[in-house]
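Engineer: just need the structure, nothing else, for what follows:
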Amino acid sequence: MLSVEQAREKILALAPVMEAEDTPLLDALGLVLAEDVVSPLDIPHWDNSAMDGYAVRAEDVRSAGSRSPVVIRVIGRLAAGQVATQVVQTGTAIRIMTGAPMPLGADAVVPFEDTDELARKATNGSLGEIGILVAPSRGNNVRPRGEDVAKGVVALPKGIVLRPGELGVLASLGYATVKAVRRPVVAIIATGDELTTPGGPLGEGKIYDSNSFSIAGLVKRYGGVPRVLGVARDNQASLYTLLEEGLSADMLITSAGVSKGDYDIVKDVLAERGEIAFWSVRMRPARPLAFGTLRGQGGRRIPHLGLPGNPVSAMVAFEELGRPAILKMLGRTRLDKPTIEAVLEDTIVNHDGRRVYARAVVTRRGDAYYVRTTGPQGSNILTSMAQANGLAICPEDMPQVGPGQRVQVRMLDWDEEGERS
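Structural biologist: All right, here's what the predicted structure looks like:
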């Protein structure tokens with residue numbers, strides 16, 4: 001029986017990194033940058049004002065104070081997006097707004113609040129001149145050209161995950177698209193004569209197919225493009241038909257048909273189309289698993305992950321084994337799920353020496369995390385996943401963990417989009 005780490009290593013070895021492609025900026029959110037982005041220009045493009053105020057020569061107003069204002073002549077007004085035609089010379093100033101290019105001759109900006117502008121407006125005084133109440137230093141409230149990004153430097157390095165901030169940087173440099181590792185397309189097939197697609201009538205002895213949608217949701221959550229192909233019946237023709245559709249994807253995921261009691265036809269068809277190994281993994285839930293590659297068009301080798309049929313088993317197996325594969329295919333190098341240490345408030349029993357992943361709810365009280373299971377932990381109880389925000393772990397070598405003990409918890413709901421690879 002394989003350990004979780006051994007199974008993950010085997011899966012990752014066969015999960016290829018997708019090729020890079022030009023991607024519109026918004027579609028690139030969460031993708032990995034495939035090449036260094038060298039800045040084609042300076043950001044900002046020119047020295048500009050960091051405040052609404054008056055562009056002045058610092059030398060002219062060095063003696064300014066609240067009791068002894070220096071009065072200078074206002075020769076113009078400048079809004080963001082405008083370029084001054086006048087030059088600030090001795091004894092003059094230009095009223096300037098945040099972001100506007102600094103006019104020639106000016107080397108500092110005095111904010112409105114450090115002038116007598118409000119007092120002049122209150123008394124209907126002339127705004128053709130202004131009193132400076134605070135002496136600025138040269139460069140005060142001026143954003144120098146290239147302060148953020150200088151032309152010719154690497155603004156964004158290859159291999160980072162593109163977050164909203166990176167998209168903003170790219171847009172500021174004029175990029176409409178960016179070369180990023182593309183998302184893998186993941187085909188999803190559920191198997192079993194008992195399954196009915198949601199939305200239709202439920203016949204006697206039938207159940208609705210939940211695995212296709214929970215697994216598709218996980219694929220999408222972690223950056224892949226799910227393609228739900230439907231339910232394959234327990235006959236060769238049905239399974240072959242859906243497999244043919246799935247062979248155009250970058251990865252294939254099936255659910256059910258991997259345990260000892262399943263119809264041999266599922267295993268036979270998968271094995272005929274590629275090299276598939278059937279494993280037992282030392283984890284609860286989700287011991288039975290299949291993994292290997294299927295032969296696609298043009299000699300392509302398509303990774304195949306065969307998940308258990310029980311809905312919780314399928315989801316837990318995907319979290320531990322499928323999710324890292326998706327992330328690797330996206331070009332990420334940081335594959336681990338956020339994990340915390342928490343104080344257990346009830347008991348997790350380990351019946352058979354497997355690593356137990358108990359569906360649980362984590363809360364924070366003060367400086368410590370506490371965790372409690374969601375209740376019954378049967379692999380058929382899908383609501384236990386809906387209620388959980390983490391998976392509390394009982395190690396293989398412990399028969400149980402109980403109240404007051406500290407356990408590791410894989411967090412399901414911590415936002416990973418901000419993580420770099």
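
Engineer: ok, residues contacting stretch 401-416?
Structural biologist: 319-320, 337-348, 357, 360, 362, 369, 371, 388-394 (CB atoms under 8 Å, 6 or more residues apart in numbering). C-betas here are computed from N, CA, C, even on glycine.

Engineer: quick one: buried residues of it?
Structural biologist: Val401, Val407, Val409, Arg410, Met411, Leu412, Glu416 (16 or more other CB atoms under 10 Å).

Engineer: closest one of the residues you listed to Ser255?
Structural biologist: Leu412 (19.0 Å; CB to CB).

Engineer: quick check on the closest one: phi, psi?
Structural biologist: phi -80, psi -30 (degrees, to the nearest 10).

Engineer: ok, back up a step: what is the lowest-pLDDT residue among the buried residues of stretch 401-416?
Structural biologist: Lowest pLDDT of those: Glu416, 41.

Engineer: next structured bit after the lowest-mean-pLDDT helix or strand in the chain?
Structural biologist: Lowest on mean pLDDT, DSSP states H and E among the helices and strands of the chain sits helix 264-272, with a mean of 75. Downstream of helix 264-272, the next assigned helix or strand under DSSP states H and E is strand 274-280.

Engineer: show residues contacting the next helix or strand after that next one.
Structural biologist: For strand 274-280, the succeeding helix or strand toward the C-terminus, using DSSP H and E, is strand 283-284. Outside strand 283-284, the residues that touch it by CB under 8 Å, 6+ apart are Val4, Val316, Ala317, Glu320, Asn350, His351, Asp352, Arg354, Arg355, Val356, Tyr357.

Engineer: out of the residues you listed, who's nearest Leu25?
Structural biologist: Of the contacts of strand 283-284, the one sitting nearest to Leu25 (CB to CB) turns out to be Glu320, at 32.7 Å.

Engineer: next one, pLDDT for the closest residue to Pro376 other than its chain neighbours please.
Structural biologist: Closest residue to Pro376 apart from its sequence neighbours, by CB to CB, 6 or more residues apart in numbering: Ser384 at 7.0 Å. The model reports Ser384 with a pLDDT of 96.

Engineer: now swap in the one 3 residues further on and tell me
Structural biologist: Gln387 is assigned a predicted lDDT (pLDDT) of 96.

Engineer: ok, now the one 10 residues further on?
Structural biologist: Turning to Asp397, the model gives it a pLDDT of 94.

Engineer: one step back: which residues sit against the least confident helix or strand of the chain?
Structural biologist: Everything outside helix 264-272 that qualifies as a contact, by CB under 8 Å, 6+ apart, is 191, 234-236, 239-240, 243, 254, 256-258, 276, 278, 290, 292, 294, 304, 306.
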